[in-house]
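1. I would like to see how this sequence folds:
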Amino acid sequence: MKCKIFIIFALSVLFVTFSSMAFSGPETLNFQVLRNGKPVGTHRITISNIKNQIRVDLHTQIKIDGFFTTSYAFDHTSQETWAGGQLLDMTSITDNDGNHMSVIAHPEEDSLIINSVINGRDRLQILPLGIMPTSLWNADLIGRTQLLNSQDGKILDVSVKNLGTENIPVHGILTQTHHYGISGEFTRELWFDEDGKLVKVEFPDKSKTTITFILK
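-> Numbers count the residues shown, from 1 in each chain. Below you'll find the predicted structure:
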């Protein structure tokens, strides 16, 4: 049986959000993807300063093997450009086990134009500037009630619960993190360190099996 993975609270004053984070140069965050504790893929986030903008490149690859063949394969690549804490543009390409999707977002006056293609079908949306994608790296998403699905361009209604602080191992060192739960049309648990850096993501797939992204 194939396993399908579909991927309002103020932050504490001690919690440094994206808006106040300073990136001195390219920084790459490499995550291992686990399914019930077993490695099944990788997730990479590269954050770079380009003039007065932030560029974020993401790539996720997941492969779950069956008895003789691959039972599930997922490949997602996206690139985001940010300025002033807002998403300026985004391009993503996704192959979700044979379902092909792409999203292109660009600004036009005070709006964000979203062009999505899902298995050959086009969809155009015009959204207000300020919408945030589900790429998860940006801690400012915690204060939102809607997110832009970076795979298919859909708008997702969400709510967020502050689950407090939690010490988890990061690079083999017990690290204090801020733990949040996102529910609604998008379900994730997120852990950010004291600098606002994403260190762990966890969610159930369609078979209720636990998927974990953990910073290596």
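2. how much space separates the residue most central in space within the chain from Ile47?
-> Using C-alpha atoms, centre = their mean, the residue of the chain that lies closest to the mean C-alpha position is Ser135, 2.2 Å off. Noted for Ser135: a distance of 11 Å to Ile47, by C-beta to C-beta, to the nearest Å. (Glycine included, C-beta is placed from N, CA and C.)
3. what residues do those two have in common as contacts?
-> Contact with both Ser135 and Ile47 is made by residues Val56, according to C-beta atoms under 8 Å, 6 or more residues apart in numbering.
4. report the contact partners of the closest residue to Gln53 other than its chain neighbours.
-> Take Gln53 and drop its neighbours on the chain: the residue closest to it by C-beta to C-beta, 6 or more residues apart in numbering is Ala83, 4.7 Å away. Going by C-beta under 8 Å, 6+ apart, Ala83 touches Asn52, Gln53, Ile54.
5. wait, the residue nearest to the centre of the chain sits on Gln79?
-> No: using C-beta atoms under 8 Å, Ser135 makes no contact with Gln79, being 10.2 Å away.
6. other residues contacting the helix or strand hosting Ile126?
-> For Ile126, the enclosing helix or strand under DSSP states H and E is strand 121-128. Counting by C-beta under 8 Å, 6+ apart, the neighbours of strand 121-128 from elsewhere in the structure are Glu108, Asp110, Ser111, Leu112, Ile113, Ile114, Asn115, Ser116, Val117, Leu148, Gly153, Ile155.
7. now these as a markdown table including neighbour count and pLDDT?
-> Listed next are these as a markdown table, based on neighbours: other C-beta atoms under 10 Å; pLDDT from 0 to 100:
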| residue | neighbour count | pLDDT |
| --- | --- | --- |
| Glu108 | 9 | 94 |
| Asp110 | 8 | 89 |
| Ser111 | 13 | 95 |
| Leu112 | 21 | 96 |
| Ile113 | 15 | 97 |
| Ile114 | 20 | 97 |
| Asn115 | 15 | 97 |
| Ser116 | 21 | 97 |
| Val117 | 16 | 97 |
| Leu148 | 25 | 97 |
| Gly153 | 24 | 96 |
| Ile155 | 13 | 96 |
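8. name the residues contacting each of Ser135 and Gln79.
-> Both Ser135 and Gln79 are contacted by Val56, Leu58, under the criterion C-beta under 8 Å, 6+ apart.
9. low-confidence bits of the chain, can you list those?
-> Residues of the chain meeting the criterion pLDDT under 70: 1-25, 67-69.
10. run the last query once more with 50
-> For the chain, applying pLDDT under 50 flags the ranges 1-23.
11. can you give me the strands for this structure?
-> Remark: strands assigned in the chain by DSSP state E are 27-35, 38-50, 53-65, 70-83, 86-96, 99-108, 111-118, 121-128, 146-148, 155-170, 173-184, 188-193, 198-204, 210-215.
12. can I get those in TSV with distance to Ala139?
-> Shown next, in TSV, are the strands of the chain (distance: least, C-beta to C-beta, whole Å):
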stretch	distance to Ala139
strand 27-35	13
strand 38-50	12
strand 53-65	13
strand 70-83	13
strand 86-96	14
strand 99-108	20
strand 111-118	20
strand 121-128	21
strand 146-148	13
strand 155-170	11
strand 173-184	8
strand 188-193	5
strand 198-204	7
strand 210-215	14
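13. is the residue nearest to Gln53 in a bridge, and if so with what?
-> When bridges are called by DSSP bridges, Ala83 pairs up with Gln86.
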